[in-house]
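[1] how would this look folded up:
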Amino acid sequence: MRGQAADEAVDQVIAALDRATLDGAPFLRIIHGHGTGKLKATLREYLKDSPYVAGIRPGDRAEGGDGVTVVTLR
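    Down below sits the predicted model:
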């Protein structure tokens, strides 16, 4: 998602959530980078209300830290 406009990134995350859910994946890692923080904030705001999502957390240090959001799927 790095370098994308927030609205485009949300559309791509919705598609990725669809695919991951259909595939039975337990989680999804979204790489948005640090940047200004707008993309991260927009994505996390969307994810907290998504019916696909059981929980979200920033990535661990080894996963990319706060430049990554890890999504646990339902």
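[2] Relative to P51, how far out is the closest residue to G65 other than its chain neighbours?
    Closest residue to G65 in three dimensions, ignoring its sequence neighbours and counting by Cβ to Cβ, 6 or more residues apart in numbering: G59, at 5.6 Å. C-betas here are computed from N, CA, C, even on glycine. Plainly put, G59 is 23 Å away from P51 if you go by Cβ to Cβ, to the nearest Å.
[3] distance between the ends of stretch 52-63?
    22 Å (Cα to Cα, to the nearest Å).
[4] same question but for stretch 55-72, I mixed them up
    The separation between the terminal residues of stretch 55-72, taken as Cα to Cα, is 5 Å.
[5] residues in contact with stretch 49-65?
    17-18, 20-21, 29, 31, 44, 47-48, 66-74 (Cβ atoms under 8 Å, 6 or more residues apart in numbering).
[6] Sort out for me which of these are in helices.
    Those of those mapping onto helices are 17-18, 20-21, 44, 47-48, per DSSP state H.
[7] Now which of those residues would you call buried?
    Judged by neighbour count, with 16 or more other Cβ atoms under 10 Å as the criterion, the buried members of the ones in helices among the contacts of stretch 49-65 are 17, 20, 44, 47.
[8] can you list the residues you listed in TSV and add distance to K38 and pLDDT?
    Compiled in TSV, those are given as follows (distance: Cβ to Cβ, whole Å; pLDDT from 0 to 100):
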residue	distance to K38	pLDDT
L17	20	95
A20	24	95
R44	11	95
L47	15	95
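[9] I am finished for the moment; much appreciated.
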